[in-house]
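Novice: coordinates only, no sequence provided:
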Ligand SMILES: [Zn+2]
């Protein structure tokens with residue numbers, strides 16, 4: 001006979017273990033992966049290398065976003081002008 005109660009117990013144990021290991025109250029540094037406190041913002045540890053690298057990354061991200069907007073604008077312009085040409 002299969003002991004359903006025991007199986008359920010084991011399942012709940014396993015799921016508890018998974019959820020507890022999934023929700024640890026800490027974050028990891030975006031650069032080196034060291035555990036840091038969850039309240040730290042930006043998500044980097046206190047090492048100067050990581051802070052510098054994070055600053056560089058955010059600057060690059062901003063620049064990338066600007067370029068994305070420019071390219072999107074160009075594509076939108078080409079797309080719209082081709083549609084307008086088809087209509088006229
Ligand atoms: Zn770090």
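Specialist: It's in. Keep in mind that what you see is a predicted model, and the values were worked out from it rather than measured.
Novice: select the longest helix from this protein.
Specialist: helix 48-87 (DSSP state H).
Novice: buried residues in it, which are they?
Specialist: Buried residues in helix 48-87, counted by 16 or more other C-beta atoms under 10 Å: 50, 53-54. From N, CA and C alone the C-beta is placed, and that goes for glycine too.
Novice: avg pLDDT for that helix?
Specialist: Helix 48-87 comes out with an average pLDDT of 96.
Novice: follow-up on the earlier one: export the buried residues of helix 48-87 to CSV and tack on distance to residue 75?
Specialist: Converted to CSV, the buried residues of helix 48-87 look like this (distance: C-beta to C-beta, whole Å):
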residue, distance to residue 75
50, 36
53, 32
54, 31
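Novice: filter those by proximity to the ion?
Specialist: Restricting the buried residues of helix 48-87 to those adjacent to the ion (criterion: C-beta under 5 Å from the ion) gives residue 50.
Novice: between the buried residues of helix 48-87, which sits nearest the ion?
Specialist: residue 50 (3.2 Å; C-beta to the ion).
Novice: wait, that closest one sits on residue 32?
Specialist: Yes: with contact defined as C-beta atoms under 8 Å, residue 50 reaches residue 32; the gap is 5.7 Å.
Novice: which bits of the chain sit near the ion?
Specialist: Remark: the part of the chain in contact with the ion comprises 29, 31-32, 45, 47, 50, using C-beta under 5 Å from the ion.
Novice: contacting residues for the residue nearest the centre of the chain?
Specialist: For the chain, the residue nearest the mean C-alpha position is residue 30 (9.9 Å; C-alpha atoms, centre = their mean). Residues in contact with residue 30 (C-beta atoms under 8 Å, 6 or more residues apart in numbering) are 42-44, 50, 54, 57.
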